[in-house]
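# Quick one, what's the 3D model for this:
(4 chains)
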2 protein chains.
Amino acid sequence: MTEMSELFRALADETRLRIVRLFLYSAMPLCVCELVDALELPQYKVSRHLAALKATGLMSASKQGTWAYHRLEADSPLFSGLWEYVGSAPLDEATEQQLRRDQQALDARLRIRENGACVVGLTPSNNFATREKQEKERIV
Amino acid sequence: MTEMSELFRALADETRLRIVRLFLYSAMPLCVCELVDALELPQYKVSRHLAALKATGLMSASKQGTWAYHRLEADSPLFSGLWEYVGSAPLDEATEQQLRRDQQALDARLRIRENGACVVGLTPSNNFATREKQEKERIV
DNA sequence: ACATTACATGCATGCAAGCGCATGTAAGCA
DNA sequence: TGCTTACATGCGCTTGCATGCATGTAATGT
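Sure, this is the predicted structure:
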């Protein structure tokens, strides 16, 4: 069992809270590229924070092809009180607006899914190979 | 309003959780010396952690003479969900035992109160002047 | 006035964590 | 087989925080 202080530490970061709130909102597994688009954050950053959450048991992941679906441990009785607080505690105005933007961006991104599965990957600007190619072209 | 991540950060420390759990248990204002004795921690450490909690609004303090009574914001609707989780989430065995020891030590310490007020201060070993005197005597 | 006491805090240090960059890995596709 | 893509991670840097020591401050008692 994870120490309570570790759980709090995992949630003591606004970026990770944005991630968690999106999962509480969508109530379904999400893949990294969807989170990257919804949060408008660099891919490595999202992956790192997901790893931090997973290390405490608050999240888990499963790969399906190249896509990695992450999901919140929303039903675990160990954490239910925690999610209840995160989901219901009042937010300041700025955070509230941020949350709404994230939710809308996620909604839009999820509409691209086909048969409930993610079918498009990272936005080109977040893609490594694409950036490399652009770099070469810029030099030429 | 304090950011949620700051609240989690404040609670992301086992020592501060020990303090908070003692307040949830005793449900009354406590002074620093009582916490020092109950937790068997150096005085400066307790003061620091209390300051950290107070900085987030989770605690407040009031001086009465030389004694400083600290109290948990247990009734604030802003934090009620948080306290509920801290007070009810399961603990691992070691933490549970630690908590019971802390509670018993606090109970013993509180029995020394007179008319609900603290009347004895720090244990000599935690007292600065006493340590100084002992140091001089040791040199002689 | 002075010493004592309850509590707070400045300072130096060690350590953990977030960030940005680059690259590694594994899976799908041509 | 080789390229692209989705995702993960090693590395260096910087920042923040817990700790320990010592000392500061304000209130009390003699």
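# Might you enumerate the residues of chain A proximal to DNA strand D?
Neighbours of DNA strand D within chain A, by Cβ under 7 Å from any atom of the strand: A:31-33, A:36, A:43-44, A:46-48, A:50-51, A:61, A:66-68, A:70, A:118, A:120-122, A:127-130, A:133. Backbone N, C-alpha and C define where each C-beta goes, glycine included.
# Give me the buried subset of these.
By neighbour count, with 16 or more other Cβ atoms under 10 Å in any protein chain shown, these hold A:31-33, A:36, A:43, A:46, A:50, A:67-68, A:70, A:118, A:121 as buried.
# right, and out of those residues, which lies closest to A:E6?
Distance to A:E6, by Cβ to Cβ, is smallest for A:L50 among those, at 16.1 Å.
# That closest one and B:A10, how far apart?
For A:L50, the distance to B:A10 (Cβ to Cβ, to the nearest Å) stands at 24 Å.
# list the contacts for A:P90?
Contact partners of A:P90, counting by Cβ atoms under 8 Å, 6 or more residues apart in numbering or on different chains, are B:1, B:78.
# That one in helix, strand or coil?
State at A:P90, reduced to three classes by DSSP: H, G, I helix; E, B strand; the rest coil: coil.
# so what pLDDT did it get?
With respect to pLDDT, A:P90 scores 95.
# Now the helix ranked longest in chain A: buried residues?
Longest among the helix segments of chain A by residue count, using DSSP state H, is helix A:93-110. For helix A:93-110, the neighbour count (16+ other Cβ under 10 Å) marks A:95, A:98-99, A:102, A:105-106, A:109-110 as buried.
# which residues touch A:L110?
Going by Cβ under 8 Å, 6+ apart, A:L110 touches A:26, A:34.
# Distance of it relative to A:W67?
Taking Cβ to Cβ, one finds A:L110 at 14 Å from A:W67.
# and what of A:Y44?
Distance from A:Y44 to A:W67, counting by Cβ to Cβ: 17 Å.
# One more: A:A61?
To A:W67, A:A61 is 10 Å away according to Cβ to Cβ.
# Spell out which residues of chain A are next to DNA strand C.
So chain A meets DNA strand C at A:9, A:12-13, A:15-16, A:42, A:44-45, A:48-49, A:52, A:63, A:65-66, A:128 (Cβ under 7 Å from any atom of the strand).
# need the strands for chain A, in chain order.
For chain A, applying DSSP state E gives strands covering A:30-31, A:59-64, A:67-72.
# For chain B, tell me whether the last one is touching it.
Spelled out, it's strand A:67-72. No - using Cβ under 8 Å from any Cβ of the partner chain, strand A:67-72 stays clear of chain B, with a minimum separation of 16.0 Å.
# Quick one: work out the angle between that strand and strand A:59-64.
On the basis of axes from the mean of the first three to the mean of the last three Cα atoms, to 10 degrees, strand A:67-72 is oriented at 160 degrees to strand A:59-64.
# just so I have it, where are all the helices in chain A?
Going by DSSP H, chain A shows helices at A:4-11, A:14-26, A:32-39, A:43-55, A:80-88, A:93-110, A:128-139.
# Okay, buried residues for the second one please.
This points to helix A:14-26. Applying a neighbour-count criterion of 16+ other Cβ under 10 Å, one finds A:16-23, A:25-26 buried in helix A:14-26.
# Can you tell me which of the residues of chain A next to DNA strand C is nearest B:W83?
A:A12 (17.1 Å).
# My read is that that closest one contacts B:F8, right?
Yes - using Cβ atoms under 8 Å, A:A12 is in contact with B:F8, at 3.9 Å.
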